[in-house]
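**Student:** here is my input, please return the structure:
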Amino acid sequence: MEVIYFLVPLGLMFLGFAIWSFFWAVNHDQFDDMDGPSQRILQDDREQRRKQK
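**Tutor:** Residues are numbered from 1 along each chain as shown. Below you'll find the predicted structure:
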């Protein structure tokens, strides 16, 4: 039963860290453009093929 006094604050600290990490990532534009780089690779490839023909 004494382990609860250790695990509850530890769990709350972990939750606080997870929330802080999420807001840090959002504020530093980590989720800004998820599809851009993958689409950009395909577009660059098509342009290079056109130049070679």
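
**Student:** burial count for residue 33?
**Tutor:** 10 (other Cβ atoms under 10 Å). C-beta: built from backbone N, CA, C; applies to glycine.

**Student:** same question for residue 36.
**Tutor:** Burial of residue 36, expressed as a neighbour count using other Cβ under 10 Å, amounts to 9.

**Student:** over to residue 9?
**Tutor:** 10.

**Student:** pLDDT score assigned to it?
**Tutor:** Residue 9 carries a pLDDT score of 98 in this model.

**Student:** over to the one 4 residues further on?
**Tutor:** Reading off the per-residue confidence, residue 13 sits at a pLDDT of 99.

**Student:** separation between it and residue 23?
**Tutor:** Remark: distance between residue 13 and residue 23 (Cβ to Cβ, to the nearest Å) = 16 Å.

**Student:** now swap in residue 16 and tell me
**Tutor:** Applying Cβ to Cβ to residue 16 and residue 23 gives a distance of 11 Å.

**Student:** same question for residue 17.
**Tutor:** According to Cβ to Cβ, residue 17 stands 11 Å off from residue 23.
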